[in-house]
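Asks: the following block contains a protein sequence and its predicted model.
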Amino acid sequence: MSAVTAVLRSKRQQMTIMGSSGGSGTAMISTSDSDSDRQRLLELLPRLARLREMYLPERRYTNLVSLIEGFDLGSGGRCLGGFQDWVANKLLGHPSGLHWCYIIASRKLPALLEGGASMASLSAEQDEAVAMDLLRILEAFLKERVVVQARPEHS
């Protein structure tokens, strides 16, 4: 079992326990598996912004992209469903077949859009700025998509 799968299963069990605790108050219950997977990814983003080196072998944008893609793969593709089109429309104003990671990185290195540069062309400063952009963009996407409803717990 992969580490990502173990974390997902552990979080799912914690959410089930929290949702059926029998105490008074309000429990946050997500309406679907995709919402709960997206919520878990949303909760991970601030830690990735502060402590990325705890999760990645080095602080590189491409490593962050791999981690996020792996999280999505571990969720059966539920976390990033629609992200490609959302990024293209938000950042380019139209659909694009170019992978979202290139579209985001092109904000700092426009030559990526025309194929005149590679991710390796990003300077250390650009790489860090693009990684932080990715985290902000992904957070905006997830906040639009996560449907969480407050519901009183039953005693």
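Replies: Looks like it arrived, so ask away. Since the structure is predicted, the reported quantities are computational estimates derived from the model, not experimental observations.
Asks: low-scoring stretches of the protein, by residue?
Replies: 1-32, 147-155 (pLDDT under 70).
Asks: where do the strands sit along it?
Replies: 26-30, 148-152 (DSSP state E).
Asks: can you pull out the helices in the protein?
Replies: 3-19, 33-55, 61-74, 83-87, 100-105, 111-114, 124-145 (DSSP state H).
Asks: so what does the second one touch, helix or strand wise?
Replies: Using 3 or more Cβ pairs under 8 Å, 6 or more residues apart in numbering; DSSP states H and E as the contact criterion, the elements in contact with helix 33-55 are helix 3-19, helix 61-74, helix 124-145. No exception for glycine: its C-beta is placed from N, CA and C like everyone else's.
Asks: show residues contacting the shortest one.
Replies: With Cβ atoms under 8 Å, 6 or more residues apart in numbering as the test, helix 61-74 has contacts from 2, 4-5, 8, 41, 44, 48, 52, 55-57, 78-80, 101, 105, 119, 122, 127-128, 130-131, 134-135, 138.
Asks: of the residues you listed, select the buried ones using a PyMOL command.
Replies: Only the buried entries of these go into this PyMOL selection, using 16 or more other Cβ atoms under 10 Å:
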select buried, resi 8+41+44+48+52+56+78+79+80+101+105+119+122+127+128+130+131+134+135+138
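Asks: ok, back up a step: tell me the most buried of the helices of the chain?
Replies: Most buried of the helices of the chain by mean neighbour count (mean count of other Cβ atoms under 10 Å) is helix 100-105; its value is a mean of 22.
Asks: fine by me, we can end here.
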